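In: Give the three-dimensional model of this entry:
(one chain, ligands or ions: 1)
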Amino acid sequence: MSTVLIIGAGAAGSVVVKKCCKAPDIFSKVCLASRTMSKCEKLKSECNDEIDIFQLDADNSRAVYELIQHVRPSLVINMALPYQDLSIMEACLKAKTHYMDTANYEPPDEAKFCYKWQWDYHEKFVEQGIMALLGSGFDPGVTNVFCAYAQKHLFDEINYIDIVDCNAGEHGHPFATNFNPEINIREITQKGKYWKNGEWIEIPAMSQNQVIDFPEVGPKKAYLLYHEELESLVKNIKGLKRIRFWMTFSESYLKHLEVLQNVGMTRIDPVDFEGKKIVPLHFLKTLLPEPSSLGENYKGKTSIGCIIEGIKNGKHKKVFIYNVCCHEQSYKETGAQAVSYTTGVPAMTGAVMIIKGIWQGQGVFNMECFDPDPFMQALNEYGLPWHIKEI
Ligand code: NDP
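Out: Okay, the predicted model is just below:
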């Protein structure tokens, strides 16, 4: 019996649930827990009532532990928010159950993410004989595996990596975010950062851009952002001289974001409002469309991958490893748009690697720490085919 417990009934979590239900030979029982029960009930009805559902506040580590004891899963997949990473990891440790997520920990009161908080759990996970797999989404996630694949098969030495993420889709709203609005806006409004010759270089937010020719989408302006996979890839890819992350945004998104920032609506510190304290970004989130509601009218494609440069057999080489995902097809298959789909499918794939014992270990691991081949093969099978283009 391989029971899996998925926490978070949001946009990406719903894809994980549906994909796991489609593989009953691997996931013999799928359990879902989330803060809002009505969302679990909706998902249950969309899955022909095949899943068990539970109300859970995952900030409460004890409640997570008790649910794990009740459900007895082989693996807990955290599809809630980065704020819950540590409380769920604590519960997994206590219950000696494997852990997996798609985004690294972020403290709610500071817009900062880094792996230290989770890497610090390594020894404790070793002692308990369990594993934590961090960042099994697309970016981080598939992008880390693309780099590991390039290191294993395509290069003797990798010198430059540019991770490039384009969503060329149209959802029809003047302003909406493709994943949780609070996490998305915190990520985009922080300073840009990249790594070069052993040093981290910080730049003002959105201050560098370049036009990138994205496969099946064409040339788009992309902005340099700091993204979490840079931190682990710097440690795990040998010979690296520079690594950067680039993301595209629509003109409408950038215009709205600028205004929202200028008027203080993206602030994360509490302000007085009619005798109460409110966090402007929390209030803004309640007004914006839920990412899980965007799928129906979404048109176009995402095109995400890694442009990697280095040396093979003494010669310079440059490749583009990428996936292109269609919003309409993602919606047809799972009821979700492509950003949720490209997050949920790798999460389900990472779970397959752990449950089948293909990726095994004791401690806390990033995706590039394991053999990329079975994961890459499974991506083709589960709906995210990838391609390699020599440049
Ligand atoms: P959503 O906001 O759609 O979903 C989050 C879900 O988590 C909601 O159902 C929410 O419940 C639930 N939740 C929040 N807090 C708690 C809590 N304390 N206890 C229990 N449940 C809780 O976000 P997404 O699905 O878009 O994103 C989910 C995660 O995926 C995020 O961490 C995001 O950063 C990550 N992500 C990773 C990507 C990657 O490529 N690696 C790409 C995109 C996203 P409620 O409905 O009550 O609010």
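In: Only C-alpha atoms from now on, for both contacts and neighbour counts.
Out: Fine.
In: Return the residues of the stretch 201-350 of the chain in contact with the ligand.
Out: 291, 292, 343 (C-alpha under 6 Å from any ligand atom).
In: Got phi/psi on residue 31?
Out: The phi/psi pair for residue 31 (degrees, to the nearest 10) reads phi -120, psi 140.
In: Can you report how many residues neighbour it?
Out: The number of residues packed near residue 31 is 22, by other C-alpha atoms under 10 Å.
In: out of the residues of the stretch 201-350 of the chain next to the ligand, who has the most neighbours?
Out: In these, the most neighbours by other C-alpha under 10 Å go to residue 343, 26 neighbours.
In: residues in contact with it?
Out: 12, 102, 136, 137, 138, 139 (C-alpha atoms under 8 Å, 6 or more residues apart in numbering).
In: What residue, apart from its backbone neighbours, is nearest the first one spatially?
Out: Meaning residue 12. residue 340 (4.3 Å; C-alpha to C-alpha, 6 or more residues apart in numbering).
In: what about the strand or helix carrying that neighbour, average pLDDT?
Out: Residue 340 is located in helix 338-355, with elements delineated by DSSP states H and E. Mean pLDDT, computed over helix 338-355, is 98.
In: cool, stretch 177-184 as well?
Out: Stretch 177-184 shows a mean pLDDT of 91.
In: Neighbours of residue 381, how many?
Out: Counted with other C-alpha under 10 Å, residue 381 comes out at 11.
In: so it, which of the three states?
Out: Three-state assignment for residue 381 (DSSP: H, G, I helix; E, B strand; the rest coil): helix.
In: roughly how far apart are the residue lying closest to residue 10 once chain neighbours are set aside and residue 301?
Out: Excluding the flanking residues, the one nearest residue 10 by C-alpha to C-alpha, 6+ apart is residue 292, at 6.3 Å. Residue 292 sits 17 Å away from residue 301, going by C-alpha to C-alpha, to the nearest Å.
In: Please parse this protein into its domains.
Out: Following automatic domain parsing, the chain resolves into domains at 3-137+344-369, 142-336.
In: looking at those domains, which is buried most?
Out: domain 3-137+344-369 (a mean of 20; mean count of other C-alpha atoms under 10 Å).
In: Next, the distance between the ends of that one.
Out: OK, domain 3-137+344-369 end separation, C-alpha to C-alpha: 25 Å.
In: Go ahead and name everything in contact with the least confident helix or strand in the chain by mean pLDDT.
Out: Between all helices and strands in the chain, the lowest mean by mean pLDDT, DSSP states H and E belongs to helix 181-189, at a mean of 91. For helix 181-189, the surrounding residues in contact (C-alpha under 8 Å, 6+ apart) are 81, 111, 177-178, 205-206, 225-226, 266, 281-282, 285, 288, 290-291.
In: pretty sure residue 160 contacts residue 308?
Out: Yes - using C-alpha atoms under 8 Å, residue 160 is in contact with residue 308, at 5.8 Å.
In: before we move on, back to that, for the domains of the chain, give me TSV that also has distance to residue 388.
Out: Below are the domains of the chain laid out as TSV (distance: least, C-alpha to C-alpha, whole Å):
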stretch	distance to residue 388
domain 3-137+344-369	18
domain 142-336	4
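In: out of those domains, which comes closest to residue 385?
Out: Closest to residue 385 of the domains of the chain is domain 142-336 (C-alpha to C-alpha; 6.1 Å).
In: Can you give the distance of that closest one from its chain's centre?
Out: Taking the mean of its C-alpha atoms, domain 142-336 sits 10 Å from the chain's own mean (C-alpha atoms, centre = their mean, to the nearest Å).
In: do the same with stretch 353-362
Out: 19 Å.
In: Numbering from 780 from now on, please.
Out: Sure, I'll start numbering at 780, so the last one becomes stretch 1132-1141.
In: which residues are contacting it?
Out: In contact with stretch 1132-1141 (C-alpha under 8 Å, 6+ apart) are residues 781, 805, 853-854, 904-905, 907-911, 1149-1150, 1153-1154.
In: among those residues, which are within reach of the ligand?
Out: Restricting those to those near the ligand - C-alpha under 6 Å from any ligand atom - leaves none.
In: Let's see which of those residues end up in strands.
Out: With strands defined by DSSP state E, the entries of the contacts of stretch 1132-1141 inside them are 854, 910, 911.
In: Correct me if wrong, but residue 827 is in a helix.
Out: No - read with three-state DSSP, residue 827 is coil and lies in no helix.
In: returning to what we had before: the helix or strand that comes right after the least confident helix or strand of the chain pairs with which strands, and in what direction?
Out: Sequence-wise, the next helix or strand downstream of helix 960-968 (DSSP H and E) is strand 971-975. When pairing is defined by DSSP bridges, strand 971-975 lines up against strand 978-982 (antiparallel), strand 1021-1027 (antiparallel).
In: now those as a markdown table including distance to residue 877 and mean pLDDT?
Out: A markdown table is the format used below for the strands paired with strand 971-975 (distance: least, C-alpha to C-alpha, whole Å; pLDDT from 0 to 100):
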| stretch | distance to residue 877 | mean pLDDT |
| --- | --- | --- |
| strand 978-982 | 32 | 97 |
| strand 1021-1027 | 29 | 98 |
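In: Helices of the chain, start to end?
Out: 790-800, 816-825, 840-850, 864-874, 895-898, 901-907, 921-928, 960-968, 1008-1015, 1030-1041, 1059-1066, 1106-1113, 1117-1134, 1151-1161 (DSSP state H).
In: Any idea which of those helices gets closest to residue 991?
Out: helix 1030-1041 (16.0 Å).
In: average model confidence for that closest one?
Out: For helix 1030-1041, the per-residue pLDDT averages 94.
In: any residues touching that helix, and which ones?
Out: Contacts of helix 1030-1041 (C-alpha under 8 Å, 6+ apart): 953, 954, 955, 1045, 1046.
In: Let me see the contact set for the last one.
Out: Going back to what we said before, that points to residue 1046. 1040, 1058, 1059, 1060.
In: I appreciate the help and will end here.
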